[in-house]
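> got a structure for you, letters missing:
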């Protein structure tokens, strides 16, 4: 069984140029050009995505199935190549007969007729050269057809990811879109993408809610300490490089083929017809004696240099764990506020590369990881769900504290959004929360009702109040 990789290697076919042409075609397509014009921050990520695809393409080309007739023709080609000139003449009729099913058969027949009077060695060489060109052309056709299919698939994937990234760039607006581009790998989103636009608009109409999210986002960086920083900076610097082609100093003699630096004794070879052939042979082989010069050239290059600075360093920003009360009393406007607040935290998490986990609690706890591999779909699922049921904060707090005991959730900010009209937490849960706070984690609360129980909120480090009642909404509009 002969595979396409073997045929390509034996026939010395180089797919590098074809892959480079495909990459150029993809990157210069109108779809990508227009997207880059509107969203220039994604250029690096698209280039890396296309580069990864191009690196994987040669390996995929090796696995293209080879048609049976091409395999048989190649085996016949190898057999014929091993013939001597006389054997080729003896077996040419049989070879031509075996090529009847090949596209090369008409050309092979014409070649054998036109070369019937030629030297037997030349006849075989010319015939095998044309045959090899035919095989190479056929293999290249298979590879090009497969590569075009891959290009179409790649363009469809890129268009889909660019569409999702473009929509979310306008709504989530992360400072660094790399995480956002990674999240577009979820491919087709099942749900109403307009939910992102709805909650982005909701935040614009409720700036106080966005302000609370921003204050919570800064909570992990309140503590700071002086520290010496050593950073790498790029500085321009003149560099001197030794070059043979800069004729500053004569340093010796070496073999080369530069006639303008030829040692005069070498021209003696041209005075005698018998030695002239030797001169041209040594010229072609770069073996004529030449003067060797060496000099320096100067160019301005960018080099890395260390720079020491002193300043305040802030603690590493940790993940968000958002617990949302989904009881029946939270439906309506409070539900929109809770979802809008989570949308604001998602914007911060994407901009600052922080994990963001949502926990919905009523009588049970449902978890969504908004910055995980399926984060966009998880976000749509969360934004599209409905709030109903009772209120039981205890199991949710237990699950939050289980998260905080994991290494990746160290220095996490937990925030509970609720009307806090519920039973208070058990003494054991409160004690456990105090212990976890000593390890650097923080518990925060956003009370969406003025009737929340103060005793239920006493374990939180920060409490923000956002009155969702009709009077509270009217007061905010007046302000």
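Here it is on my side, so go on. Not measured: the values here are computed from a predicted model.
> Could you pull up the residues touching the nearest residue to residue 60 once chain neighbours are set aside?
Spatial nearest neighbour of residue 60, chain neighbours left out: residue 150 (6.8 Å); criterion: Cβ to Cβ, 6 or more residues apart in numbering. For the C-beta atoms, the positions are set from N, CA and C on the backbone; glycine is no exception. Going by Cβ atoms under 8 Å, 6 or more residues apart in numbering, residue 150 touches 22, 53, 57, 60.
> which element is residue 150 on?
Element membership for residue 150, per DSSP states H and E: helix 120-172.
> among the contacts of residue 150, which ones are buried?
22, 53, 57 (16 or more other Cβ atoms under 10 Å).
> of those, closest to residue 317?
Residue 317 lies nearest to residue 53 out of the buried ones among the contacts of residue 150, by Cβ to Cβ, at 33.1 Å.
> what sits against the closest one?
150, 154.
> can you do 6 Å?
Contacts for residue 53 (Cβ atoms under 6 Å, 6 or more residues apart in numbering) come out as residue 154.
> Relative to residue 21, how far out is it?
Counting by Cβ to Cβ, to the nearest Å, the gap from residue 53 to residue 21 is 14 Å.
> Ok, residue 264 next?
If you go by Cβ to Cβ, the gap between residue 264 and residue 21 works out to 50 Å.
> Then residue 333?
Residue 333 is 57 Å from residue 21, by Cβ to Cβ.
> mind listing the strands for the stretch 151-300 of the chain?
Per DSSP state E, counting those that start in this stretch, the stretch 151-300 of the chain carries strands over the ranges 224-243, 249-256, 288-314.
> is it true that residue 414 lies in a helix?
No: per DSSP: H, G, I helix; E, B strand; the rest coil, residue 414 lies outside any helix segment and is strand.
> Quick check: bridge partners of it?
residue 321, residue 443 (DSSP bridges).
> Can you classify the nearest residue to residue 433 once chain neighbours are set aside by secondary structure?
Counting by Cβ to Cβ, 6+ apart, the nearest residue to residue 433 once its immediate chain neighbours are dropped is residue 459, at 5.2 Å. What three-state DSSP gives for residue 459 is coil.
> Over to the one 5 residues further on?
Using three-state DSSP as the criterion, the local structure at residue 464 reads strand.
> separation between it and residue 205?
Residue 464 sits 18 Å away from residue 205, going by Cβ to Cβ.
> Neighbour count for these two, which is higher?
Taking other Cβ atoms under 10 Å, residue 464 and residue 205 do not tie; residue 464 has more neighbours (20 against 9).
> Model confidence at the more buried one, what's the number?
On the pLDDT scale, residue 464 is placed at 91.
> Residue 247 too?
64.
> cool, residue 1 as well?
47.
> you'd agree residue 359 is in a strand?
Yes: the assignment for residue 359 is a strand, going by three-state DSSP.
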